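Student: Below is the structure, and that's it, no one-letter string:
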Ligand SMILES: Cc1cc2nc3c(=O)[nH]c(=O)nc-3n(C[C@H](O)[C@H](O)[C@H](O)COP(=O)(O)O)c2cc1C
């Protein structure tokens, strides 16, 4: 009998303990409810966020991290203007401090957003007086000389279109321009080359055909010829001719 009593006390105690611990669990659950997410958001807290499965870029495309440094380049232009031009004494205009072709080249660059590269002789052996210059130029032409030019050309791979201009010398491109064509024929392959000249009566002087044979793997566009005298004395009309020509090129 004594034994039976003791067992029932133990059972009662155990039940009491069980009830206390159940009550404690229920209490901790309700505490979260008052300060935690509301009914409507509670479910979402435990559900996993949908995974971002769509790629942010197409396969093969490279995406730069926002913080990656941007490689500095000379420009983002795809158009380049290459030109040769002389200051000093020139036919019909006297002594000039900016060459006629340089003026046209700058106007083309201004209107197209192109980069500029001037072909400058490596050793400046061209005289500043007109008569002497014509002698040197004639001799170079007779000798099919290939005078070197100074400076380093920008990386041609970034350009699709290259305007190329110079004065007409003895009915032809100055020989230094053939140096340029021959040095860069490969790099100019597949590009559109558009010739322009300044002159005092010879017009384009076959610059387009001569350029096409010097750079057979390039496409040669329609050229433009401008009077040298107009470059110094009639710039509005030169600018207008350039605008019309460019719009015709498309
Ligand atoms: C050496 C030399 C040869 C020239 N030969 C010709 C020519 O054959 N036909 C022509 O119309 N003009 C000729 N000119 C004139 C130039 O083409 C013209 O003055 C040109 O605008 C000069 O350009 P620049 O100032 O950019 O050097 C010649 C000029 C020089 C200096």
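Tutor: Right, received. Where do you want to start? Just so it is clear, the model here is predicted, and its values are computed rather than measured. Residues are numbered from 1 along each chain as shown.
Student: Which pLDDT value goes with the residue nearest in space to the middle of the chain?
Tutor: The centre of the chain sits closest to residue 76, judged by Cα atoms, centre = their mean, with a distance of 2.0 Å. According to the prediction, residue 76 has pLDDT 89.
Student: Please report the distance of the closest residue to it other than its chain neighbours from residue 191.
Tutor: In this structure, residue 76 finds its nearest non-sequential neighbour in residue 158, 8.0 Å apart by Cβ to Cβ, 6 or more residues apart in numbering. Backbone N, C-alpha and C define where each C-beta goes, glycine included. Computed with Cβ to Cβ, to the nearest Å, the distance linking residue 158 and residue 191 is 11 Å.
Student: ok, the two, which is more surrounded?
Tutor: Higher neighbour count among residue 158 and residue 191: residue 191, with 20 against 15, using other Cβ atoms under 10 Å.
Student: could you pull out the strands for this structure?
Tutor: 79-83, 88-90, 94-96, 115-118, 161-167, 192-199, 219-220, 224-227 (DSSP state E).
Student: Pipe those into JSON lines and attach mean neighbour count per row.
Tutor: Output for the strands of the chain, formatted as JSON lines (neighbours: other Cβ atoms under 10 Å):
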{"stretch": "strand 79-83", "mean neighbour count": "24"}
{"stretch": "strand 88-90", "mean neighbour count": "18"}
{"stretch": "strand 94-96", "mean neighbour count": "13"}
{"stretch": "strand 115-118", "mean neighbour count": "18"}
{"stretch": "strand 161-167", "mean neighbour count": "25"}
{"stretch": "strand 192-199", "mean neighbour count": "23"}
{"stretch": "strand 219-220", "mean neighbour count": "16"}
{"stretch": "strand 224-227", "mean neighbour count": "22"}
